[in-house]
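1. got a sequence here, can you model it:
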Amino acid sequence: MSTILFHEIVFGPIHSRRLGISLGMNLLPYDGKLCSFDCIYCECGFNKDFRTKTKLPDRENVRAALEDKLLSLRGEGVTPDVITFAGNGEPTMHPEFKGIIEDTIELRDQYFPNAKISVLTNGMHLNKPEVFEALQKIENPIVKLDSAIDETVRLIDRPNAPGYSVARQVALYQRFQGNFILQTLFLRGRFEGHEIDNTTEEEVSAWLEVVRALNPREVMIYTIDRETPASALEKAPLADLQKIAARVEGLGIQTNVAG
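-> The predicted structure is shown next:
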């Protein structure tokens, strides 16, 4: 099982399938993973295999690392399309997340004012006012919903909160009033004796009803791109992703497909 861990606060820029030239931000430990989900497809591996004893980078170090990188990129003549918070787990778990976002906005405006700021989040921490406020300040709050069925989410994403429910997440997402991006990964396979397939008609129909209710400004549909910690998983065929996307576009919602 190969995994990808980011050993720096700022990494890249890399070419993102969905976002363009992306400068990555990792607010989590450099030697392990910290996440409130334990997704069976996560490129960083399972939580239990990458426990860390190191501290999170503090706000001052994050600001200094980002400014240093932005200065370097400007000197090289490289212009990022986006500054993306992702890294070794769930970025909104950082206790100084709001302040870090505020610093990032300030530095972006100073060095690359046309770059957008994105946060890839599982949405579990939107109940914290400071997290929601921070996500409202950026261009691309990108929130996850891999299924509209609780049982499927528990199989694919394995949230660490026993009380997790899709209904609760939908209520949190509705607070954006449509000004957000919804991302969903489609896949098939087996894990711990369970058949998993969120591309079935039952799954897609239920998911589309949630999409209709949330009416996000964009939906990102994608599938596995790298080796996964669960070995018996398969990519969803591009043709299937495109069919799902067509149904989303039928709702009048912009859709981005990455096969």
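
2. so which residue is dead centre in this protein?
-> For the chain, the residue nearest the mean C-alpha position is Leu120 (2.8 Å; CA atoms, centre = their mean).

3. listing partners with orientation, what would you give for whichever strand or helix holds that one?
-> Using DSSP states H and E, Leu120 sits within strand 116-121. Applying DSSP bridges to the sheet, strand 116-121 is found paired with strand 82-85 (parallel), strand 140-144 (parallel).

4. so Ala134 makes contact with His94?
-> No: look at Ala134 against His94 with CB atoms under 8 Å: they stay out of range, at 10.2 Å. (Glycine included, C-beta is placed from N, CA and C.)

5. list residues touching both of those two?
-> Common contacts of Ala134 and His94 (CB atoms under 8 Å, 6 or more residues apart in numbering): none found.

6. residues in contact with the strand or helix carrying Leu107: which ones?
-> Using DSSP H and E, Leu107 maps to helix 97-111. With contacts defined as CB under 8 Å, 6+ apart, helix 97-111 is touched by 25, 27, 59, 62-63, 66-67, 70-71, 73-74, 83, 85, 91, 94, 115, 117, 119, 130-131, 133-135, 137-138.

7. mind redoing it with 6 Å?
-> Helix 97-111 is contacted by residues Arg59, Val62, Arg63, Leu66, Glu67, Leu70, Arg74, Ala115, Ile117, Glu130, Ala134 when judged by CB atoms under 6 Å, 6 or more residues apart in numbering.

8. ditto for stretch 181-194
-> Applying CB under 6 Å, 6+ apart, the set of residues contacting stretch 181-194 is 40, 140, 142, 144-146, 155, 196-199, 216, 218-224, 230, 232-234, 236.

9. distance between the ends of it?
-> Terminal residues of stretch 181-194 lie 30 Å apart, using CA to CA, to the nearest Å.

10. show me where the stretch 51-200 of the chain has its strands.
-> Assigned by DSSP state E, counting those that start in this stretch, the strands in the stretch 51-200 of the chain fall at 82-85, 116-121, 140-144, 181-185, 187-191, 194-197.
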